[in-house]
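Colleague: Structure of the sequence below:
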Amino acid sequence: MNLKSKIYIDKILGIPSVFFLDKFSLFLQKFRTNKIPANLKVKRIAVCKLMGMGSIIQSTPLLMSLRKSFPDAEIIFITSPNNYSLLQTFSFIDKIKIINDKSAGSLIFTFLKTFLAQWFKRTDVFVDLEIYSYLAKILTLLSFPKYKLGFYKKESAVKLGIYTKMIYFNTKAPVFKMYLQAAYILHSKKITEELYDWKPVLKYFDSSYLVKSFVHRDPEKDYIVINPNASDLRIERRWDSENYTQLIDKILCEHPGKKIILTGSREEKTYVQKIYSEINEKHKDKVLNSAGELSLSELVALINGCSLMITNDSGPMHIAFGLKKKTVALFGPCSPEEYNTYRNVYFVYKNIYCSPCVHYFSISPCRGDNQCMKLIGVEEVNEAVNKILNNEFIWKSYSGNGIIYKSLTEGAPFGISERKFTLR
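Modeller: Next comes the predicted model:
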């Protein structure tokens, strides 16, 4: 199924189902209570994030905090097939459950299989990281966990029959900080505020033979990684391919000793090849199209070895964040305010009136005419790249945007809605 079909099915079937399940659960709640599991021996924790590679990477501080706070608990992550290889690199997850959304039949079958598995094994805590998916809400309830956490952005989205407590999704706060509110609710004492750094992966994986053969003449591997892609989840995040072509030519003219490696998935290889084909012939021997040729672990190793990464808002960008690589990140439909705690990142962002639309529309109102990205000029990106490569850029440590996340005395997280009938 394509993205529009998934959104349509999720809303058509999900909205009425969630409405009635919410009301029915509130009725049942009059006869029972779910206490906060402060003293509960947590044996099984399920975390659900169906879509968004970047969001899953941003959830790693939460996942690592849960692992440290509940060392004996089994942590299960529920997601879609596209994220399986990513989650396999996380040693702090015990099991991965897949909701296969490739077709309606596989969706129904894997959904039933997943919630029945959660039901029979009785999950203690279910953390739903989805904001927009009604399917995830239904899965949360039908898994019948003892304690359920979810997120909301507006009053009408507070489903306190489905969830024990809900956390306000503050679009001005860093995403990993919002996810960590769930750890505070669960009384986690050992909090991790750093993204996963992939050190265990890098210990066993090196750059692919393709990359090694390309940079073998440069013992310091002084290359730049450029990711010109964005998944179809938000294709509007792409900066125009012609801009990337011009940028690459400018970089190689001004820095002839550099090499550039283009990245992308197997599905994005044709698009990346289009960029490569339009590069000036005299520069092509210094550019490699690695799209579709690398495993996820090899991609991590590739990014880890680069001197600079230039990227749209995408999954590979978040890998660079975790690896603390120097990064030029191009933003438009989403605000960099959600990721502005990283020191080695230069954000290029045009804060136009309708941005960030991603938080309020399933499909952007511009229908692909992403003026927020089109306003970003090649010269301004190249100027930032030059300053970084010439070591003229002053990286500033961001101290935070003044948000207070929890009570300074009691440690209780703010922005939490809880069930009317829950006893404290």
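Colleague: Show me how far the helix or strand that contains Ile75 is from its chain's centre.
Modeller: Ile75 belongs to strand 74-79 when assigned by DSSP states H and E. Taking Cα atoms, centre = their mean, to the nearest Å, one finds strand 74-79 lying 16 Å from the centre of the chain it belongs to.
Colleague: And the strands in the protein, which stretches?
Modeller: Counting by DSSP state E, the chain forms strands over residues 44-48, 74-79, 95-98, 125-128, 147-152, 165-168, 223-227, 259-262, 287-289, 308-312, 327-331, 345-349, 416-418, given from the N-terminal end onward.
Colleague: List the neighbouring strands of the first one plus their orientation.
Modeller: Sheet pairing here is set by DSSP bridges, and for strand 44-48 it gives strand 74-79 (parallel), strand 125-128 (parallel).
Colleague: Show the low-confidence segments of the stretch 51-200 of the chain, by residue range.
Modeller: When residues are selected by pLDDT under 70, those of the stretch 51-200 of the chain lie in 155-158.
Colleague: can you rerun that using 80?
Modeller: 119, 154-161 (pLDDT under 80).
Colleague: before we move on, what about the stretch 301-424 of the chain?
Modeller: Where the stretch 301-424 of the chain drops to pLDDT under 80, the residues are 340, 359-364, 367-368, 393-404, 407-411, 418-424.
Colleague: Quick check: the nearest residue to Thr123 once chain neighbours are set aside vs Val42, distance?
Modeller: Sequence neighbours aside, Pro145 is the residue nearest to Thr123 in space, at 4.1 Å (criterion: Cβ to Cβ, 6 or more residues apart in numbering). Heads up, the C-betas are built off the backbone N, CA and C, glycines and all. In this view, Pro145 and Val42 are 11 Å apart by Cβ to Cβ, to the nearest Å.
Colleague: For these two, indicate the residue with more neighbours.
Modeller: Comparing Pro145 with Val42 by other Cβ atoms under 10 Å, the one with more neighbours is Pro145, at 22 against 19.
Colleague: Could you pull up the residues touching that one?
Modeller: Pro145 is in contact with Ala46, Gln118, Arg122, Thr123, Asp124, Val125, Phe126, counting by Cβ atoms under 8 Å, 6 or more residues apart in numbering.
Colleague: so what's the fourth one up against?
Modeller: Listed by Cβ under 8 Å, 6+ apart, the contact set of Thr123 reads Arg44, Ile45, Ala46, Ile76, Ser143, Phe144, Pro145, Lys146.
Colleague: same deal with the fifth one?
Modeller: Taking Cβ under 8 Å, 6+ apart as the definition of contact, the neighbours of Asp124 are Pro37, Leu40, Val42, Lys43, Arg44, Ile45, Ala73, Pro145, Lys146, Tyr147.
Colleague: Right, I'll leave it there.
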